[in-house]
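[1] Provide a 3D model corresponding to the input given below.
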Amino acid sequence: MARLAFPQGNPLLSLRDRLGPVFDDRRFVQLFPGKGQPAEAPWRLALVTLLQFAEELSDRQAAEAVRSRIDWKYLLGLSLTDAGFDSTVLSEFRARLVAGAAEALLLDAVLEVAAAHQLLKAGGRQRTDSTHVLAATRAINRIECVHETLRHALEVLTLAAPTWLLMHVLPHWAEAYGRRAFDERLPRSAAKRAAWAQQIGEDGHHLLAALDAAATPDWLRQLPGAIMLRRVWIQQFYVCDSQVQWRGEREGIPPASRFISSPYDVDAHYACKRSMTWIGYKVHLTETCDEGLPRIITEVQTTAGPIADGDVTTPIHHALQDKGLLPAQHLVDTGYIAAGVLVETQRDFGIDLVGPARANFRWQSQAGKGFGMDAFAIDWDAQQVTCPMGIQSSGWSPALDNRGTPVIKVKFSTKDCRACAHRADCAGPTATRRLMTIRTREAYIALQAARQRQQTPEFLSLYALRAGVEATISLAARTFGLRRSRYLGQAKPDLDTAFKKA
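    Sure, this is the predicted structure:
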């Protein structure tokens, strides 16, 4: 019947004929209890969910397609008379995947089928890039965040303990927090905005004090809205001389990776990449780019927005190693490359990490004069550095920089530098001697080699292949809405991205 209905062929019929069912129930055994009510075949639910994401269908529409479409029945191995299942089964299946941290099961199954059909192999070339993912919550400023956090806590307490709340509510709260924060117009003057923030801080502190009272039931303090209120107030306010004060930069605002930007999504953080800023997450896509083979996505990782690309390079390699899909060459942009990462990638994974190394931002290189690092000879065994004038360093001290990276502090004698005619160009106009911070031996050599390599025509030709991943990201964003999360919290965007890429 399916072949009669589609005499010219159909993608879903071809998918079943060439690749088979793709999934099997054994992959999902750990997500289901051994005893209980009968469940729909997990492998079918996985395929239905992929089709649902591909065609942008709701759960109800996807369940209807299972009952009514011949091509779906053919792919799922169902008879024409099969009545399908209730649409709620799909949301339950996604919930099991999230609860079991099993998002990667879907993509891994597709990769195994691709490898079995010789469409994918290890040891080739792969490329990686990232893009932003907007959180499902609205982007709000700090004052709106504290206003909305307090309003949310009051709504939760209104439902959970209305009698208790009436005993502690202040007269102006109903009018002040009856509407959403972004429905109100922010005062134009800085003084009025500061007064508004101060009033919100005092009101929230009053509510927290009531929650902390001995007579308050403990379960009220454990409500999500109350916990969120406490966390946000710790980040946004502090108490000085019994007065609630608005935190400024000097009073220790948390970094973006810990700062709560919305009371409804604690995992969504403020992020910045070049000129773009957003609140949400970041997704990293890795795909093959071997000549003569199809482009297949091999790894997807979703991180918090502020996480730097370089912090994801090694986790990507570990994930590819677990799948047996480590490439021989990995093409990435500058964000994924650091001196330590170059060493680690070659030493631990045997991968040639290809990409432009970070530029030298020391003032000598930027000014185009004086003596940069390249002009100094380093004797690693003797732990000495010789300047272009033949003077040797007087100090060599291992240390850690402000990011905790091992470095070496090198200094030259003040006596030698003062007598040098090139002191101003070498050490600086006001410095009395040259002080240097260099990386450890392996990291320094790897970084210098990468900078020299990227000047060659061979590197430019090879690195041009990396640009292809931009098309993959564009396709995912335009076709599957990759840059917008459908759910709150990072766990569900992980699942969302896994379905889109599988």
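[2] the helices in the stretch 51-200 of the chain, which residues?
    Using DSSP state H, counting those that start in this stretch, the helices of the stretch 51-200 of the chain run over 59-68, 70-76, 88-99, 104-116, 142-160, 162-168, 173-176, 190-212.
[3] pull the fifth one out as CSV, backbone CA atoms only.
    Once side chains and other backbone atoms are set aside, the C-alpha atoms of helix 142-160 remain, and they are given as CSV (Å, rounded to 0.1, in the frame of the first residue of the first chain):
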residue,chain,number,x,y,z
ARG,A,142,18.6,43.5,37.4
ILE,A,143,15.7,45.6,38.8
GLU,A,144,13.2,43.7,36.7
CYS,A,145,14.8,40.4,37.9
VAL,A,146,14.4,41.2,41.6
HIS,A,147,10.9,42.6,41.1
GLU,A,148,9.8,39.4,39.2
THR,A,149,11.5,37.2,41.7
LEU,A,150,9.6,38.7,44.6
ARG,A,151,6.3,38.6,42.6
HIS,A,152,6.9,35.0,41.8
ALA,A,153,7.6,34.1,45.4
LEU,A,154,4.4,35.9,46.5
GLU,A,155,2.4,34.0,43.9
VAL,A,156,3.8,30.6,45.1
LEU,A,157,3.0,31.5,48.7
THR,A,158,-0.5,32.6,47.8
LEU,A,159,-1.2,29.2,46.4
ALA,A,160,0.7,27.2,49.0
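[4] what does that helix contact?
    Contacts with helix 142-160, where a contact means C-beta atoms under 8 Å, 6 or more residues apart in numbering, come from 140, 164-165, 169, 173, 177, 180-182, 184, 186, 193, 196-197, 200-201, 203-204, 207, 220, 223-226, 228-229, 232-233, 236-237, 260-264. All C-beta spots, glycine's among them, are computed from the backbone N, C-alpha and C.
[5] buried residues, it. List them.
    Residues of helix 142-160 classed as buried by neighbour count (16 or more other C-beta atoms under 10 Å): 142-154, 156-157.
[6] same question for the first one.
    When burial is assessed from 16+ other C-beta under 10 Å, helix 59-68 yields the following buried residues: Asp59, Ala62, Ala63, Ala65, Val66.
[7] tell me the one of these nearest Ile297?
    Of all the buried residues of helix 59-68, Ala62 has the smallest distance to Ile297: 22.6 Å, by C-beta to C-beta.
[8] contacting residues for that closest one?
    With C-beta under 8 Å, 6+ apart, Ala62 has these contacts: Val48, Thr49, Leu51, Gln52, Ser87, Leu90.
[9] next up, the contacts around the fourth one.
    This means Gln52. Here Gln52 is in contact with Ser58, Asp59, Gln61, Ala62, Leu90 (C-beta under 8 Å, 6+ apart).
[10] quick one: pLDDT of it?
    As predicted, Gln52 sits at a pLDDT of 88.
[11] now do it against Ile296, distance only.
    Gln52 sits at a distance of 21 Å from Ile296 (criterion: C-beta to C-beta, to the nearest Å).
[12] follow-up on the earlier one: out of the helices of the stretch 51-200 of the chain, which is closest to Gly310?
    helix 104-116 (22.2 Å).
[13] between the closest one and helix 88-99, how many degrees?
    Orientation of helix 104-116 against helix 88-99 (axes from the mean of the first three to the mean of the last three C-alpha atoms, to 10 degrees) gives an angle of 90 degrees.
[14] in helix 104-116, what counts as buried?
    For helix 104-116, by 16+ other C-beta under 10 Å, it's Ala104, Leu105, Leu106, Leu107, Asp108, Ala109, Val110, Leu111, Val113, Ala114, Ala115.
[15] what is the nearest of the residues you listed to Leu320?
    Here the nearest of the buried residues of helix 104-116 to Leu320, counting by C-beta to C-beta, is Leu111; it sits at 10.1 Å.
[16] with Leu105 as the reference, measure out to the closest one.
    For Leu111, the distance to Leu105 - C-beta to C-beta - is 11 Å.
[17] over to Gln321?
    The spacing between Gln321 and Leu105, counted by C-beta to C-beta, is 18 Å.
[18] and for Trp278?
    For Trp278 relative to Leu105 (C-beta to C-beta), the value is 29 Å.
[19] can you check Arg180 too?
    Arg180 is 39 Å from Leu105, by C-beta to C-beta.
[20] and Thr303, by the same measure?
    Thr303 is 20 Å from Leu105, where distance means C-beta to C-beta.
[21] do a quick rundown of the helices in the stretch 301-450 of the chain.
    Using DSSP H, counting those that start in this stretch, the helices found in the stretch 301-450 of the chain span residues 313-323, 339-344, 363-367, 414-418, 423-427, 441-453.
[22] so for the strand ranked longest in the chain, what gets flagged as buried?
    If you go by DSSP state E, the chain has its longest strand at strand 276-288. Buried positions in strand 276-288, judged by neighbour count with 16+ other C-beta under 10 Å: Trp278, Ile279, Gly280, Tyr281, Lys282, Val283, His284, Leu285, Thr286, Glu287, Thr288.
[23] save the residues you listed as JSON lines, and put in distance to Gly36 and pLDDT too.
    Output for these, formatted as JSON lines (distance: C-beta to C-beta, whole Å; pLDDT from 0 to 100):
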{"residue": "Trp278", "distance to Gly36": "42", "pLDDT": "91"}
{"residue": "Ile279", "distance to Gly36": "40", "pLDDT": "91"}
{"residue": "Gly280", "distance to Gly36": "37", "pLDDT": "90"}
{"residue": "Tyr281", "distance to Gly36": "34", "pLDDT": "91"}
{"residue": "Lys282", "distance to Gly36": "38", "pLDDT": "92"}
{"residue": "Val283", "distance to Gly36": "35", "pLDDT": "92"}
{"residue": "His284", "distance to Gly36": "37", "pLDDT": "94"}
{"residue": "Leu285", "distance to Gly36": "37", "pLDDT": "94"}
{"residue": "Thr286", "distance to Gly36": "38", "pLDDT": "95"}
{"residue": "Glu287", "distance to Gly36": "39", "pLDDT": "94"}
{"residue": "Thr288", "distance to Gly36": "41", "pLDDT": "93"}
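[24] specify which member of these is nearest to Arg125.
    Of the buried residues of strand 276-288, the one sitting nearest to Arg125 (C-beta to C-beta) turns out to be Thr288, at 7.1 Å.
[25] quick check: the closest one vs Thr216, distance?
    Using C-beta to C-beta, Thr288 is found at 58 Å from Thr216.
[26] now do Tyr238
    The gap separating Tyr238 from Thr216 is 23 Å, by C-beta to C-beta.
[27] could you list the low-pLDDT ranges of the stretch 301-450 of the chain?
    361, 363-370 (pLDDT under 70).
[28] and the strands in it, which stretches?
    329-331, 352-354, 377-379, 384-386, 395-400, 406-411, 435-439 (DSSP state E, counting those that start in this stretch).
[29] what about Lys409, how many residues nearby?
    Residues lying near Lys409 (other C-beta atoms under 10 Å) number 14.
[30] so it sits against Ser397, correct?
    Yes - the criterion here is C-beta atoms under 8 Å, and Lys409 meets it with Ser397 at 4.5 Å.
[31] okay, which residue is most central for the protein?
    Thr303 (2.0 Å; C-alpha atoms, centre = their mean).
[32] tell me which residues touch the closest residue in space to it that isn't next to it in sequence, please.
    Spatial nearest neighbour of Thr303, chain neighbours left out: Lys282 (5.2 Å); criterion: C-beta to C-beta, 6 or more residues apart in numbering. Contacts for Lys282 (C-beta under 8 Å, 6+ apart) come out as Ser130, Thr131, His132, Val133, Ala271, Lys273, Thr302, Thr303, Ala304, Gly305, Ile307.
[33] ok, how many other residues are close to the second one?
    Pointing back at Thr131 there. Neighbours around Thr131, by other C-beta under 10 Å: 18.
[34] so it touches Leu475, yeah?
    No - applying C-beta under 8 Å, one finds Thr131 not in contact with Leu475, separated by 11.6 Å.
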